[in-house]
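1. quick one: sequence and predicted model below, then my questions.
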Amino acid sequence: MSTQKKLMTNWRWWLCSLLFVATTVNYLDRQVLSLTYENFIKPEFHWTDANYGTITAFFSIFYAIACLFAGKFVDWMGTKKGYIIAIGVWSAGACLHAACGWATGLIVGEDLAALKGVEVASNVALAISTTSVYLFLLCRGILALGEAGNFPAAIKVTAEYFPKKDRAFATSIFNAGASVGALAAPLCIPPLAVKFGWELAFIIIGGLGFIWMFFWAFMYDKPEKSKHVNAAELEYIHQDDAADAAITPAAPAAEEKQVSLLKCFTFKQTWAFITGKFFTDGVWWFFLFWAPSYFSNQFDAPVTKPLGQWLIFTLYLIVTVVSIGGGYLPKIFVDKKGMNPYAGRMRAMLIFAFFPLCALLAQPLGMHFNTPWWPAVLIGLAAAGHQAWSANLFSTIGDMFPKSTIATVTGIGAMAGGVGSMFIQKIAGNLFTYAENAGSAFRFLGFEGKPAGYFVMFCFCGVAYIIAWSIMKTLAPKYKPIELK
């Protein structure tokens with residue numbers, strides 16, 4: 001075995017690094033809107049928080065619908081072609097955002113430079129707001145359509161190239177791209193928008209995906225066919241096959257069978273995954289979409305100022321550092337405690353379900369000490385808990401389902417996460433607009449006005465994971481692989 005390890009190639013980790021880059025680009029593309037909304041897009045197009053909430057909610061629900069079919073598309077098309085098509089579509093959608101200002105001016109008959117100077121609350125301002133919202137909805141729809149393919153494809157690659165004990169760790173590495181993308185975004189997007197305009201920020205960030213496509217086309221192939229994977233690495237990758245065959249004798253043959261989309265909904269394991277995504281994905285997206293606006297409104301720290309940029313950077317730096325360890329924790333439970341991978345993951349997820357409770361203290365401490373740093377650190381810890389939770393949640397699919405079905409089930413779960421996020425984004429946008437207009441008439445646990453609205457959302461974010469874990473444990477209490485007949 002020692003000789004085998006010395007001779008083993010490590011191509012799987014190179015592919016994992018490509019998945020990391022794709023996920024980083026994925027989240028950079030999502031962040032451009034949230035980091036240009038408050039200081040560039042909102043005043044130019046006369047938007048309200050309700051408008052922004054509608055756009056982010058639409059992105060979430062359209063992403064959810066696309067995810068339902070994206071997983072099946074990746075299983076059908078194959079990982080290589082499916083991933084290339086997905087990132088090509090979302091990169092094109094990201095770049096198209098840049099044309100929304102030009103198209104709005106063309107439709108309403110106003111010069112592009114004059115949009116921001118139109119009288120507030122006038123009929124022209126309303127026309128600009130309405131038209132631009134619909135144009136951004138179109139672009140967000142294209143972005144969501146492509147981005148829906150990222151996680152089904154990435155999880156499928158992880159299942160193809162890693163044994164079960166390593167999948168959560170590999171997933172945590174590529175999933176850290178979400179944190180790194182969010183980490184890099186405030187340092188590069190606002191400066192780009194200030195120097196070149198928000199339109200070029202969309203084009204530059206969106207263009208990164210087209211570069212990634214070149215590397216993926218030449219580097220990826222199935223491990224059995226890859227010239228970069230030797231026999232020792234291939235044996236390591238397939239080390240679970242004998243154990244799976246002992247549990248389910250028909251498993252090797254069944255792995256090549258395709259399962260219909262509707263059939264997947266008949267398994268309790270699918271519903272456990274759906275539950276985990278539905279209750280928690282919206283929390284992550286809430287932090288992603290609303291944190292820049294929160295720091296700007298509550299602490300006068302917009303992302304155009306160094307303080308606002310460093311707050312977002314610090315938040316996601318905490319997420320990046322803490323979350324990677326989250327994927328390694330179940331490996332310790334498996335190797336040191338002798339637990340099966342699923343049991344180890346569920347124990348790790350229970351631990352990480354308590355991290356988001358930090359969000360309950362973000363608003364009280366931030367307002368009491370009149371500093372944004374407490375919320376930045378506490379939201380960072382809450383979001384780190386989500387990323388660690390998410391890495392393990394994704395890996396439960398590989399524990400339970402055959403490889404031919406992994407992308408499909410991942411897509412179903414991503415759909416559930418998108419639906420949950422749609423509700424949270426829409427509620428948040430309307431709540432913040434209502435609370436701001438109501439002022440002191442809206443109160444919640446000692447806060448009033450818009451701060452009370454933020455605290456309502458933080459309270460839900462804090463408890464969502466414990467609720468999700470409890471339901472998941474009821475639906476799938478122990479390790480039980482799916483048997484396909």
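-> Noted; the coordinates are in hand. Residues are numbered from 1 along each chain as shown.
2. low-confidence stretches in this protein?
-> Scanning the chain for pLDDT under 70 picks out 1-6, 112-115, 117-121, 242-258, 325-327, 484-485.
3. now for the nearest residue in space to Trp310 that is not next to it in sequence: which residues touch it?
-> Distances taken as C-beta to C-beta, 6 or more residues apart in numbering place Pro186 nearest to Trp310, at 8.0 Å, with adjacent residues excluded. Where you see a C-beta, it was placed from the backbone N, CA and C, and this is true even at glycine. Pro186 sits next to Leu35, Pro292, Val303, Gly308, Gln309, Trp310, Ile312, Phe313 when contact means C-beta atoms under 8 Å, 6 or more residues apart in numbering.
4. mind running it again at 6 Å?
-> By C-beta atoms under 6 Å, 6 or more residues apart in numbering, Pro186 lies in contact with Val303, Gln309, Ile312, Phe313.
5. name the member of the residues you listed with the most neighbours.
-> With neighbours taken as other C-beta atoms under 10 Å, the top of those is Val303, carrying 31 neighbours.
6. in the stretch 251-400 of the chain, which spans are strands?
-> Ranges of strands within the stretch 251-400 of the chain: none, based on DSSP state E, counting those that start in this stretch.
7. the closest residue to Ala414 other than its chain neighbours and Asn150: what is the separation?
-> In this structure, Ala414 finds its nearest non-sequential neighbour in Cys67, 3.6 Å apart by C-beta to C-beta, 6+ apart. Between Cys67 and Asn150 the distance, using C-beta to C-beta, to the nearest Å, works out to 10 Å.
8. can you give me the offset of whichever strand or helix holds the residue nearest to Ala414 from its chain's centre?
-> Counting by DSSP states H and E, the element that carries Cys67 is helix 49-77. Remark: helix 49-77 is offset 11 Å from the chain centroid, using C-alpha atoms, centre = their mean, to the nearest Å.
9. just to revisit the earlier point, quick check, nearest of the contacts of Pro186 to Gly385?
-> Proximity of the contacts of Pro186 to Gly385 was ranked by C-beta to C-beta; the top entry is Ile312 with 18.0 Å.
10. quick check: closest non-adjacent residue to the residue nearest the centre of the chain.
-> In the chain, the C-alpha nearest the mean C-alpha coordinate belongs to Ala178, at 6.2 Å (C-alpha atoms, centre = their mean). Residue nearest to Ala178 in three dimensions, not counting chain neighbours: Tyr27, with 4.7 Å by C-beta to C-beta, 6+ apart.
11. just to confirm, which helix or strand has the one you found in it?
-> With DSSP H and E as the criterion, the answer for Tyr27 is helix 11-36.
12. which other helices and strands does that helix contact?
-> On a contact count with 3 or more C-beta pairs under 6 Å, 6 or more residues apart in numbering; DSSP states H and E, helix 11-36 meets helix 150-161, helix 164-196, helix 198-219, helix 268-299.
13. from the ones you listed, which stretch is densest packed?
-> When the helices and strands packed on helix 11-36 are scored by mean count of other C-beta atoms under 10 Å, the highest mean neighbour count falls to helix 150-161 (a mean of 28).
14. one step back: now do the helix holding Cys67 against helix 268-299, angle only.
-> Calculated by axes from the mean of the first three to the mean of the last three C-alpha atoms, to 10 degrees, helix 49-77 forms an angle of 150 degrees with helix 268-299.
15. could you dump the helix or strand just after helix 49-77 to PDB, C-alpha only?
-> Downstream of helix 49-77, the first helix or strand assigned by DSSP H and E is helix 79-96. What follows is helix 79-96, C-alpha atoms only, in PDB (Å, rounded to 0.1, in the frame of the first residue of the first chain):
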ATOM      1  CA  THR A  79     -20.400  16.000 -17.000                       C
ATOM      2  CA  LYS A  80     -18.000  17.500 -19.500                       C
ATOM      3  CA  LYS A  81     -20.500  18.900 -22.000                       C
ATOM      4  CA  GLY A  82     -23.100  19.700 -19.400                       C
ATOM      5  CA  TYR A  83     -20.700  21.900 -17.300                       C
ATOM      6  CA  ILE A  84     -19.400  23.800 -20.400                       C
ATOM      7  CA  ILE A  85     -22.900  24.600 -21.500                       C
ATOM      8  CA  ALA A  86     -23.900  25.700 -18.000                       C
ATOM      9  CA  ILE A  87     -21.000  28.100 -17.500                       C
ATOM     10  CA  GLY A  88     -21.300  29.400 -21.000                       C
ATOM     11  CA  VAL A  89     -24.900  30.400 -20.500                       C
ATOM     12  CA  TRP A  90     -24.400  32.000 -17.100                       C
ATOM     13  CA  SER A  91     -21.400  34.000 -18.300                       C
ATOM     14  CA  ALA A  92     -23.400  35.300 -21.200                       C
ATOM     15  CA  GLY A  93     -26.200  36.200 -18.900                       C
ATOM     16  CA  ALA A  94     -23.800  38.000 -16.500                       C
ATOM     17  CA  CYS A  95     -22.400  40.100 -19.300                       C
ATOM     18  CA  LEU A  96     -25.900  41.000 -20.600                       C
END
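16. from the middle of its chain, how far away would helix 79-96 be?
-> Relative to its parent chain, helix 79-96 has a centroid offset of 16 Å by C-alpha atoms, centre = their mean.
17. got the buried residues for it?
-> 79-80, 82-96 (16 or more other C-beta atoms under 10 Å).
18. check stretch 62-79 too.
-> Buried residues in stretch 62-79, counted by 16+ other C-beta under 10 Å: 62-75, 77, 79.
19. so what touches that stretch?
-> For stretch 62-79, using C-beta under 6 Å, 6+ apart, the contacting residues are 82, 141, 144-145, 148-149, 152-153, 156-157, 261, 407-408, 410-411, 414-415, 418-419.
20. drop anything exposed from those.
-> Among the contacts of stretch 62-79, those classed as buried by 16+ other C-beta under 10 Å are 82, 141, 144-145, 148-149, 152-153, 156-157, 407-408, 410-411, 414-415, 418-419.
21. which residues does Tyr316 contact?
-> Per C-beta under 6 Å, 6+ apart, neighbours of Tyr316: Ser179, Ala182, Leu183.
22. need the residues you listed in a markdown table (columns: distance to Leu378).
-> A markdown table is the format used below for the contacts of Tyr316 (distance: C-beta to C-beta, whole Å):
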| residue | distance to Leu378 |
| --- | --- |
| Ser179 | 16 |
| Ala182 | 16 |
| Leu183 | 17 |
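23. show me which of those residues is closest to Glu448.
-> Closest approach between the contacts of Tyr316 and Glu448, by C-beta to C-beta: Ala182, at 30.2 Å.
24. does that closest one touch Leu28 like I think?
-> No. Counting by C-beta atoms under 6 Å, Leu28 is not a contact partner of Ala182; they are 8.2 Å apart.
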